[in-house]
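Engineer: I would like to see how this sequence folds:
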Amino acid sequence: MMRAYLYIALTVLLTVYGQIIIKWRVNQHAGVGAFADGALGYVFMLLLDPFVLSGLAAAFLAACTWMLAVSRLELSKAYPFVAMSFVLVPLAAWLFLAEGLSVRVLVGAALIVLGIAVSAS
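Structural biologist: The predicted structure is shown next:
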């Protein structure tokens, strides 16, 4: 049973990593408007970025760890923990990307944590 929760934690952490790393790299590159071929050229250029590829690999690994988690737990027990990504992504964006963190986001995060606690009991 503990292994299932480890897989859930890995799923969440890999998801957070992927979101933060991709946002970081998107911020480093020129926007869609800078490409003559528009969105397709922009996305293709991002797909050549090794960091973006690591973020996509993290998403794939998150899917793998999720499959391992739900093979050991009922979906109704495992799924609420995935909501921790809605708490951790804004916190990581604040820490690593200098994005804002409003009171509204903090209250929402607290409510998510409360909801996870209620559903896990």
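Engineer: Which neighbouring elements make contact with the helix or strand where residue 12 lies?
Structural biologist: Following DSSP states H and E, one finds residue 12 within helix 2-28. On a contact count with 3 or more C-beta pairs under 8 Å, 6 or more residues apart in numbering; DSSP states H and E, helix 2-28 meets helix 38-47, helix 50-70, helix 75-82, helix 84-97. C-beta coordinates here come from the backbone N, C-alpha and C atoms, glycine included.
Engineer: Mind putting these into a markdown table with distance to residue 103?
Structural biologist: Output for those, formatted as a markdown table (distance: least, C-beta to C-beta, whole Å):
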| stretch | distance to residue 103 |
| --- | --- |
| helix 38-47 | 33 |
| helix 50-70 | 29 |
| helix 75-82 | 24 |
| helix 84-97 | 12 |
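Engineer: one step back: may I see the buried residues of the helix holding residue 12?
Structural biologist: 4-5, 7-8, 10-23, 25 (16 or more other C-beta atoms under 10 Å).
Engineer: coming back round to it: and the helices and strands packed on helix 2-28 as CSV, adding mean pLDDT and mean neighbour count?
Structural biologist: Output for the helices and strands packed on helix 2-28, formatted as CSV (pLDDT from 0 to 100; neighbours: other C-beta atoms under 10 Å):
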stretch, mean pLDDT, mean neighbour count
helix 38-47, 84, 13
helix 50-70, 98, 16
helix 75-82, 92, 15
helix 84-97, 96, 17
